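S.K.: predicted coordinates and the sequence they were generated for:
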Amino acid sequence: MALLLSGFTAHCAETADLLVEPLDSITVVATGVSNMTAASAGDISHAQMQAEPLLRPAAILENIPGLIVTQHSGEGKANQYFLRAFNLDHGTDLALEVDDMPVNMPTHAHGQGYSDFNFVIPELAADLHYKKGPYYADEGDFATAGTARAGLVNEVPSSAAVGFGEEGYRRGLFMGSTGVFGGTLLGAGEVYHNDGPFDVPDDYNRLNGVARFFRGDAQDYFTLTAMAYSGKWNSTDQVPLRAIAEGLIDRFGSLNPTDGGVSTRSSLSFSRVKRTDDDQLQVSAYLIRYKLDLWSTFTYYLRDPINGDQMLQHDDRVVYGFKASKSWFTSIFGAPTTNLIGVQARIDDIKDVGIFSTVERQIIGTTQNAGVLESNGALYAESSTQWLEHLQTILGVREDQFDFDVKDKMLNPDGSCNINSDPLGCDTGTQRASIFSPKLGLILGPWAKTTYFINIGDGYHSNDARGVTRSGQNPDQSPVTPLTRATSGEVGVATRIIPNLDTRLDVFELKLKSELVFDGDAGVTSPSGATTRTGIEWGSTYHINDWLSAELNTAFTRARFDHNSAPDDLGCADAAPSNPCTLALGIVGRYIPNSPTNVTNVGLTAQRDSGWFGALRARHFGESPLVEDDSAKSPAYTTVDAQIGFHAAKWLAALDVFNIANVKWNDIEYYYVSRLRNEASPVADYVVHPGVPRTVRARLQYQF
């Protein structure tokens with residue numbers, strides 16, 4: 001620490017400025033942004049995010065090279081994310097932030113790190129700063145595969161927009177800003193409805209509101225932001241492929257029309273930034289109120305052949321926390337140096353997190369229910385020095401501590417808790433865990449407009465507190481590892497040696513330690529061995545002329561368990577005793593299920609001075625193993641989206657077409673055991689959720 005504070009840190013100038021001719025400066029307002037840089041890190045501007053068709057709010061994240069965002073089980077549910085050969089579920093190894101507020105929810109009813117992006121109005125996203133890998137001192141929980149931080153705009157032209165399209169799509173957006181109290185007050189409101197292509201309409205209704213006050217300038221300012229979101233929807237869960245093949249339902253049919261959800265999120269956040277020639281101070285704080293009720297049916301009649309397997313996952317919490325960092329711009333032995341030190345804290349006060357058996361959304365039993373107080377704090381420091389014209393080093397360290405406090409609500413009449421009251425094992429207990437994470441970066445160049453990067457670092461993701469604090473009442477449910485370490489290394493290059501062509505290439509390896517994973521859907525722990533993911537990523541942007549540009553981003557990855565994974569019964573152990581599996585389904589192998597082998601995004605973006613604009617985007621999702629021996633796979637698919645529009649005077653009109661070729665593709669595929677009504681025994685099968693067919697949407701905007 002003394003070494004860090006004495007001066008080993010980075011030149012405060014952006015490395016991107018070393019790669020190319022001087023550009024206009026970009027102010028990144030996120031708190032405590034690391035000075036570490038890599039070939040796999042970058043920034044997406046507001047203009048870039050707006051210059052493409054957006055099927056859903058989280059689609060702005062697909063501007064991150066190699067990241068795929070899908071949706072299943074209802075539009076109001078958090079998205080499914082894929083990056084660096086991870087099926088990130090709803091965010092377990094991808095840290096997301098908006099206006100310095102965390103989006104990931106630890107110890108969530110549906111899954112660890114659950115990240116619902118539906119509270120974001122895409123038009124208000126000012127910038128998107130992304131960083132892949134665990135190389136950054138200011139990034140903690142969930143930041144293993146990557147991190148994305150979205151900022152918010154401080155002012156917008158006053159306007160009203162309406163959107164309409166197929167399948168019940170309707171959207172209204174009002175936004176504007178005005179000067180008040182020596183600053184700028186921004187307000188925005190969104191009303192949204194969509195049914196989707198499903199036989200049981202999603203009937204998704206979304207309301208969003210934002211009020212934001214900004215005062216100051218780029219060097220010295222503060223913001224105060226209030227946000228509110230409400231969503232309500234039906235959902236068509238993933239269904240066994242055999243149900244479609246046998247004609248029980250069609251491709252967009254439902255086996256349980258009462259599945260769906262209700263979610264609310266409200267927040268208040270504050271940010272203060274002050275920059276001088278010698279230092280920089282950044283402070284932010286937030287308060288979040290969040291609730292979710294999610295009704296899902298995954299295995300249909302596997303556990304309960306009479307009532308079915310519908311369940312309610314309930315989450316009710318308050319989250320509060322803060323960040324603070326201080327940077328000093330100095331020199332050591334004449335070498336420009338930046339020292340950064342920061343502190344972070346977060347508390348999740350979870351009133352209720354539980355799983356309940358339901359029939360048509362009516363509770364008939366309790367599988368698990370608990371109250372949780374989970375807190376974590378972190379100290380980090382980073383030092384970056386430009387030793388020579390072509391040599392820069394960044395050294396960082398981070399220390400995190402977590403405290404888990406779980407109180408099981410499934411108690412005996414006398415207040416005790418044991419396996420009789422809670423068959424999964426009592427969750428009551430406390431646990432403390434800490435983890436130290438070193439980081440190292442080396443930047444060489446530029447030579448001939450080419451810069452080379454080497455990055456090494458440790459990171460981690462936390463596990464569900466309910467799994468961490470197992471009391472041992474049920475010996476079949478072992479405690480999980482509180483903090484699972486990730487270690488990664490990366491070598492990359494960025495170049496503009498070819499005029500008008502920006503190219504980045506990196507090769508990475510990421511290892512996760514052996515762990516036990518808590519399954520939020522079942523409320524139990526599942527074994528998982530150590531894993532290694534390797535890959536190569538290439539991204540290029542070519543500016544064809546002053547109004548047309550082309551992009552190509554592709555990643556080829558390999559994901560394996562380090563040793564043969566334990567035999568998987570694909571869920572047979574959960575089958576009702578009266579109707580057990582008839583065949584042994586044990587599968588042994590090293591393939592990691594749902595780890596994509598290739599992800600590719602290709603695009604063209606046009607913006608004419610005459611007012612015409614347009615975009616064409618192709619997205620390819622490669623073949624993925626679905627079981628450990630690779631005997632079941634999800635096929636590759638490619639979809640193409642397009643946008644065309646015209647902007648004149650105060651009017652803007654645009655037409656978006658999604659899945660132009662009307663490809664039949666699946667948002668998600670799994671392979672596990674389920675039972676349809678009246679089946680004699682469970683059957684292992686592909687379980688799928690269809691992606692959107694060709695869909696047309698139009699929007700009209702008027703600027704006051």
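M.R.: That came through, no problem.
S.K.: so what does the helix or strand harbouring residue 667 touch, helix or strand wise?
M.R.: Secondary structure from DSSP states H and E places residue 667 in strand 666-674. In terms of contacts (3 or more C-beta pairs under 8 Å, 6 or more residues apart in numbering; DSSP states H and E), strand 666-674 is packed against strand 683-690. In this view, the C-beta of every residue, glycine as well, is placed from N, C-alpha and C.
S.K.: tell me the strands beside the strand it packs on, with direction?
M.R.: In its sheet, strand 683-690 lies beside strand 239-240 (antiparallel), strand 666-674 (antiparallel), with partners assigned from DSSP bridges.
S.K.: ok, for residue 695, nearest residue in space, not its chain neighbours?
M.R.: For residue 695, the nearest residue in space outside its immediate sequence neighbours is residue 658; the separation is 4.5 Å by C-beta to C-beta, 6 or more residues apart in numbering.
S.K.: meant to ask about residue 307
M.R.: residue 359 (5.1 Å).
S.K.: likewise for residue 661?
M.R.: With sequence-adjacent residues excluded and distances taken as C-beta to C-beta, 6+ apart, residue 661 is closest to residue 640, at 6.0 Å.
S.K.: roughly how far does the most centrally placed residue in the chain sit from residue 658?
M.R.: What sits nearest the mean C-alpha location of the chain, by C-alpha atoms, centre = their mean, is residue 91, with 4.2 Å. Distance of residue 91 to residue 658, computed by C-beta to C-beta, to the nearest Å: 24 Å.
S.K.: so in that sheet, which strands flank the host helix or strand of residue 511, and in what orientation?
M.R.: In the assignment (DSSP H and E), residue 511 maps to strand 501-512. As defined by DSSP bridges, the strand partners of strand 501-512 come to strand 483-495 (antiparallel), strand 531-543 (antiparallel).
S.K.: mind listing what's buried along the strand or helix carrying residue 47?
M.R.: In the assignment (DSSP H and E), residue 47 maps to helix 46-50. Of the residues in helix 46-50, 46, 48, 49 count as buried by neighbour count, 16 or more other C-beta atoms under 10 Å.
S.K.: repeat that for stretch 379-394.
M.R.: Of the residues in stretch 379-394, those with enough neighbours to count as buried (16+ other C-beta under 10 Å) are 380, 381, 382, 383, 384, 385, 386, 387, 392, 393, 394.
S.K.: count of residues packed around residue 649?
M.R.: Residues contacting residue 649 under the criterion other C-beta atoms under 10 Å number 8.
S.K.: how far away is it from residue 196?
M.R.: For residue 649 relative to residue 196 (C-beta to C-beta), the value is 35 Å.
S.K.: tell me how far stretch 484-502 is from the chain's mean position?
M.R.: If you compare the mean C-alpha spot of stretch 484-502 with that of the full chain, they lie 21 Å apart, counting by C-alpha atoms, centre = their mean, to the nearest Å.
S.K.: what sits closest to residue 443 if chain neighbours are left out?
M.R.: In space, not counting the residues next to it along the chain, residue 443 is nearest to residue 392; the distance is 4.1 Å by C-beta to C-beta, 6+ apart.
S.K.: the one you found contacts residue 337, doesn't it?
M.R.: No - using C-beta atoms under 8 Å, residue 392 is not in contact with residue 337, being 10.3 Å away.
S.K.: doesn't the residue nearest to residue 661 belong to a strand?
M.R.: Yes - if the criterion is DSSP: H, G, I helix; E, B strand; the rest coil, then residue 640 is within a strand.
S.K.: check which helices and strands the strand or helix carrying residue 606 is in contact with.
M.R.: Secondary structure assigned from DSSP H and E places residue 606 in strand 598-607. If you count contacts as 3+ C-beta pairs under 8 Å, 6+ apart, strand 598-607 packs onto strand 548-568, strand 612-621.
S.K.: give the rounded mean pLDDT of it.
M.R.: For strand 598-607, the mean pLDDT works out to 96.
S.K.: stretch 174-185 now?
M.R.: Across stretch 174-185, pLDDT averages out at 96.
S.K.: how long is it end to end?
M.R.: Chord length of stretch 174-185, first to last residue, is 14 Å (C-alpha to C-alpha, to the nearest Å).
S.K.: and stretch 268-288, by the same measure?
M.R.: Start-to-end span of stretch 268-288 (C-alpha to C-alpha) is 7 Å.
S.K.: over to stretch 64-84?
M.R.: The first and final residues of stretch 64-84 sit 12 Å from each other (C-alpha to C-alpha).
S.K.: ok, residue 116 touching residue 103?
M.R.: Yes - at 7.1 Å, residue 116 and residue 103 qualify as touching, with contact defined as C-beta under 8 Å.
S.K.: report the beta-bridge partners for residue 80.
M.R.: Beta-bridge partners for residue 80, by DSSP bridges, are residue 70.
S.K.: so who does it touch?
M.R.: With contact taken as C-beta atoms under 8 Å, 6 or more residues apart in numbering, residue 80 is in contact with 69, 70, 71, 72, 87, 88, 89, 90, 667, 668.
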